[in-house]
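**Q** My questions concern the predicted model and sequence given below.
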Amino acid sequence: MTPSPTPTFDPACGGPQGAATLSPREIARRSGSSFTGSFGFLTPDRREALTAVYAFCRVVDDAVDDAPDAAAGRIALAFWNEELER
């Protein structure tokens with residue numbers, strides 16, 4: 001049985017339990033998505049790169065989907081936008 005996905009939304013946007021503390025591989029694993037299974041056909045460097053892209057997209061999507069309200073979603077998106085600028 002596949003474990004249920006663990007939400008990655010954290011109101012603190014990266015606090016001790018937030019997605020910012022997890023590796024891309026861990027985020028992909030926790031998502032429970034069968035999509036990542038297809039990554040096994042890629043070369044290791046491409047698999048690692050695509051896992052990072054997938055994890056980022058997943059976290060940003062969850063930040064909005066799991067936010068308790070629109071204001072919290074905007075705060076979470078602002079956090080990830082700042083992360084991209086670093």
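**A** Thanks, I have the structure now.

**Q** pLDDT value on Cys57, please?
**A** On the pLDDT scale, Cys57 is placed at 90.

**Q** before we move on, what about the one 5 residues further on?
**A** The pLDDT attached to Asp62 in the predicted structure is 83.

**Q** And the next helix or strand past the host helix or strand of it?
**A** Using DSSP states H and E, Asp62 falls within helix 44-65. As assigned by DSSP H and E, the chain's next helix or strand after helix 44-65 is helix 70-85.

**Q** so how far is Phe39 from the nearest residue to Leu42 once chain neighbours are set aside?
**A** In this structure, Leu42 finds its nearest non-sequential neighbour in Leu50, 6.4 Å apart by Cβ to Cβ, 6 or more residues apart in numbering. In short, each C-beta sits where N, CA and C put it, glycine included. Distance, Leu50 to Phe39, using Cβ to Cβ, to the nearest Å: 6 Å.

**Q** How much space separates Glu82 from Gly73?
**A** Glu82 is 15 Å from Gly73, by Cβ to Cβ.

**Q** which stretches of this structure have low pLDDT?
**A** 1-18 (pLDDT under 70).
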